[in-house]
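**Q** sequence first, predicted coordinates after that:
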Amino acid sequence: MNCATVPALSFGILIIWITQRERSQQYSDRLEIAAACDGLAFAPITCRAPWHAARSGGLTNLFLSAVAQRTRRLRLGPLVMLLNLYHRYALSRDLHAGSAQRGRLDLGIGRGAVPLELSFFGVSPAEAQIATARLPRSF
């Protein structure tokens, strides 16, 4: 991104899914908010990462794809994706889908820091650290 085009201070939108509300209504409400914010001075829209979907009800990548179809300016991102908890094929597919967002995908990656969360996927903290250390420097 060219620094000359980015304002010194920008504001973004953080989407949080609420488990007590009906999913379809949440998606509809949040898509309306994203479309409205696209015409304003907001920069990014970010969501909780996909591994939280079972608890929170949000399907991050599906939602961001829908936002990409309805907006032109907003930068899109899933906060941090824990590569140890993400199947390689699914990661490749989602990054490829990011190209459909016309260069607006902001991707953060990490190894995870909560041992309990890692244990849900059969990954120990030591394994997570080793796997992340193998990533190319370009990440």
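**A** On my side now, so go ahead. Computed from a predicted structure; not experimentally measured.

**Q** neighbours of the closest residue to Ala131 other than its chain neighbours, how many?
**A** Using CB to CB, 6 or more residues apart in numbering and skipping residues adjacent in sequence, the residue nearest Ala131 is Asn84, 5.4 Å away. (C-beta placed from N, C-alpha, C; glycine too.) Asn84 has 22 neighbours, counted by other CB atoms under 10 Å.

**Q** these two touch, right, Asn84 and Leu118?
**A** Yes: Asn84 is within contact range of Leu118, at 6.7 Å (criterion: CB atoms under 8 Å).

**Q** so what sits against both of the two?
**A** Counting by CB atoms under 8 Å, 6 or more residues apart in numbering, the common neighbours of Asn84 and Leu118 are 112, 128.

**Q** how many residues are close by the closest residue to Pro78 other than its chain neighbours?
**A** Take Pro78 and drop its neighbours on the chain: the residue closest to it by CB to CB, 6+ apart is Thr60, 4.7 Å away. By other CB under 10 Å, 24 other residues sit near Thr60.

**Q** report pLDDT for Thr60.
**A** With respect to pLDDT, Thr60 has a value of 76.

**Q** over to Leu107?
**A** Reading off the confidence values, Leu107 has pLDDT 76.

**Q** quick check, it in contact with Met81.
**A** Yes: using CB under 8 Å, Leu107 is in contact with Met81, at 6.7 Å.

**Q** neighbour count for the two, which is higher?
**A** Met81 (22 against 15).

**Q** need the next SSE after the helix or strand of the chain with the lowest mean pLDDT, C-terminal direction.
**A** Of all helical and strand segments in the chain, the minimum by mean pLDDT, DSSP states H and E falls on helix 53-56, at a mean of 47. Following helix 53-56 in sequence order, the next helix or strand is helix 60-70 (DSSP states H and E).
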